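Novice: What shape does this take:
(chains A and B)
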Amino acid sequence: MVKDITIFTTDTCAYCSNVKTYLKAKGVGYNEINLDQEPEKRAEAHRISGALTVPVTVITRTDDSQEVIVGFNLAKLAPALN
Amino acid sequence: MNESNRHDIVIIGAGPAALTAAIYTTREDIDTLLFEKGVVGGLAAVTDVIDNYPGFSSGVAGLELADSLRKQAERFGAVIELGEVTGLNDEGDYKRLETTVGDIYARAVLIATGCDYNRTGIPGEDKFYARGVHFCATCDGAFYRDKRLVVIGGGNSAIQETIFLTRYASHIDILVRSKIKASNVLVKDLQPFIDQGKVSIHLGITPKEIIGNDNGVNKVIGTDKEGNSREFMTDGVFVFIGLKPNSDFLKNSSVKLDERGFVLTDSNLETSIQGVFAAGDIRSGATMQIASASGEGATAALKIRKYLEGRLHHDRLETRQFEVIS
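Specialist: The predicted structure follows:
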């Protein structure tokens, strides 16, 4: 079961919009960290994902295990919501 | 085939050509499903600013244009499904699309899958992908605040995205294999950054390798026209070296492609399969302009409507004939 979802985004990232649109369509809530508004959190996004890119979606389950999905990757995102 | 997986029109893609076609078809209450594997809005959505799309006197952000097109299509009832089409089969009156969410059937299909950015294929490109090598400035530029960058390419995208990246980077080296092919307007927009010393253009440089370590990229090695090795110190590399068609899913279909993989159509934008149309950047001979893609989307929608009217008329005739005989 999903407990919490956080997405790292930027203002100009179209793939970020895709992730948000997909989650909204599935009726799943999320927290957003916009790196243009909070640039000091770029290092956190990099540390979590190992990548210098957005979107980074962090899915935390009720057992506190986490799955990190880099980019708009439906093949990973869709099953991760179950 | 059942009610839920059968549609009048399935549009493969959700870029400007696809969304414009959907605006036209859904506005006439034609059941339309769009199928998109990447980003809604296509390459337009990942472009910083679009200056030459009619109706926007001050230009428009690519993401904003894509979002407006999507909302307009959805206002009339277009449905956008996120997933991938992996095959297209001609089964007569209906075309069967193999997708990641199962088979979908359509009376008519519009291929509007557009293009994606080419890759250089040089060593280091795959190894440092998303860790120092990037293909989307609007997605990844924010990670390079006050850093040095290399942009590879000399076309419109390379220059447009370099201009975007100047808001973050301390300095950008543009490596161009032959000459600048971008429009004069974009080159003029870039000139102030060259004058400020923020951007340097290096002509005749062929990139050979991207070098880095566990912390990311630190330089690009290339050769000049004389074959001399040149090194460019950098924290990241953005690659914009032309476009490749998103047509791999058609390789096993009977849709004819040109030698570069673009879809061949007739003057009605119909492909080698009756009832399957193509519009936008994926079409052989396309001008790779967003305004042209939108125009082709509208044209394709009207041609598809005519095709469907013909099929429906044909179906009614067949039904009537059957009724008379029985």
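Novice: longest helix anywhere in chain A?
Specialist: Counting residues, the longest helix found in chain A (DSSP state H) is helix A:14-25.
Novice: what's the following helix or strand after it?
Specialist: strand A:31-34 (DSSP states H and E).
Novice: Follow the chain on from that following strand and name the next helix or strand.
Specialist: Using DSSP H and E, the helix or strand that follows strand A:31-34 in sequence is helix A:42-49.
Novice: Settle this for me: B:Ile152 is touching B:Arg119, isn't it.
Specialist: No. In this structure B:Ile152 lies outside contact range of B:Arg119 using CB atoms under 8 Å: 10.1 Å. C-beta: built from backbone N, CA, C; applies to glycine.
Novice: list the contacts for residue 39?
Specialist: Reading this off chain A. Residues near A:Pro39 by CB atoms under 8 Å, 6 or more residues apart in numbering or on different chains: B:Ala142, B:Arg145.
Novice: oops, I was thinking of chain B
Specialist: Counting by CB under 8 Å, 6+ apart, B:Val39 has contacts A:Ala14, A:Tyr15, A:Ser17, A:Asn18, A:Phe72, B:Ala45, B:Val46, B:Ala66.
Novice: What of B:Arg311?
Specialist: B:Arg311 touches B:Asp93, B:Arg107, B:Gly275, counting by CB under 8 Å, 6+ apart.
Novice: backbone phi and psi for the nearest residue to B:Tyr117 once chain neighbours are set aside, please?
Specialist: Nearest non-adjacent residue to B:Tyr117, counting by CB to CB, 6 or more residues apart in numbering or on different chains: B:Phe135, 4.7 Å away. B:Phe135 adopts backbone torsions of phi -130, psi 10, taken as degrees, to the nearest 10.
Novice: Report how many residues lie close to B:Phe135.
Specialist: A count of nearby residues for B:Phe135, using other CB atoms under 10 Å in any protein chain shown, gives 22.
Novice: rewinding a little: quick one: which of the contacts of B:Arg311 sit in strands?
Specialist: If you go by DSSP state E, the contacts of B:Arg311 have B:Arg107 in strands.
Novice: can you list the residues of chain A near chain B?
Specialist: Residues of chain A lying near chain B by CB under 8 Å from any CB of the partner chain: A:10, A:12-18, A:21-22, A:35-36, A:39, A:42, A:46, A:50-54, A:70-72, A:74-75.
Novice: just curious, which of the contacts of B:Arg311 is nearest to A:Ala80?
Specialist: B:Arg107 (35.1 Å; CB to CB).
Novice: Surely that closest one is in contact with B:Gly92?
Specialist: No. Assessed by CB under 8 Å, B:Arg107 is found out of contact with B:Gly92, at 10.4 Å.
Novice: Those two - which one has more neighbours?
Specialist: Between B:Arg107 and B:Gly92, counting by other CB under 10 Å, B:Arg107 is the more crowded of the two (21 against 8).
Novice: can you pull the contacts of the residue nearest to that one when sequence neighbours are not counted?
Specialist: Among residues not flanking B:Arg107 along the chain, B:Asp8 sits closest, at 5.1 Å (CB to CB, 6+ apart). B:Asp8 makes contact with B:Thr25, B:Ile30, B:Asp31, B:Thr32, B:Ala106, B:Arg107, B:Ala108, B:Leu308 under the criterion CB under 8 Å, 6+ apart.
Novice: do the same with B:Lys147
Specialist: For B:Lys147, the contact set (CB under 8 Å, 6+ apart) comprises B:Tyr168, B:Ala169, B:Ser170, B:Asp235, B:Gly236.
Novice: returning to what we had before: could I get the longest helix of chain A in PDB with only the CA atoms?
Specialist: The C-alpha trace of helix A:14-25 is given here as PDB (Å, rounded to 0.1, in the frame of the first residue of the first chain):
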ATOM      1  CA  ALA A  14       6.900  18.600 -19.400                       C
ATOM      2  CA  TYR A  15       7.500  15.100 -18.100                       C
ATOM      3  CA  CYS A  16       6.800  16.300 -14.600                       C
ATOM      4  CA  SER A  17       3.300  17.400 -15.800                       C
ATOM      5  CA  ASN A  18       2.800  14.000 -17.200                       C
ATOM      6  CA  VAL A  19       3.500  12.300 -13.900                       C
ATOM      7  CA  LYS A  20       1.200  14.700 -12.100                       C
ATOM      8  CA  THR A  21      -1.500  14.300 -14.600                       C
ATOM      9  CA  TYR A  22      -1.200  10.500 -14.400                       C
ATOM     10  CA  LEU A  23      -1.400  10.400 -10.600                       C
ATOM     11  CA  LYS A  24      -4.400  12.800 -10.700                       C
ATOM     12  CA  ALA A  25      -6.200  10.600 -13.200                       C
END
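Novice: Buried residues in it, which are they?
Specialist: A:Ala14, A:Tyr15, A:Cys16, A:Ser17, A:Asn18, A:Val19, A:Lys20, A:Thr21, A:Tyr22, A:Leu23 (16 or more other CB atoms under 10 Å in any protein chain shown).
Novice: follow-up on the earlier one: in PyMOL, how would I select the buried members of the contacts of B:Asp8?
Specialist: Per 16+ other CB under 10 Å, the buried members of those correspond to this PyMOL selection:
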select buried, chain B and resi 25+30+31+32+106+107+108+308
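Novice: Could I get the contacting residues of residue 69?
Specialist: I went with chain A, as the question did not name one. Applying CB under 8 Å, 6+ apart, we find A:Ile69 in contact with A:Val56, A:Thr57, A:Ile59, A:Lys76, A:Leu77, A:Ala80.
Novice: that's the other chain; I wanted chain B
Specialist: So B:Leu69 contacts B:Pro16, B:Leu19, B:Thr20, B:Ile23, B:Gly41 (CB under 8 Å, 6+ apart).
Novice: if you set the cut-off to 10 Å instead, what comes out?
Specialist: By CB atoms under 10 Å, 6 or more residues apart in numbering or on different chains, B:Leu69 lies in contact with B:14-16, B:18-20, B:22-23, B:40-42, B:44-45, B:290, B:294, B:297.
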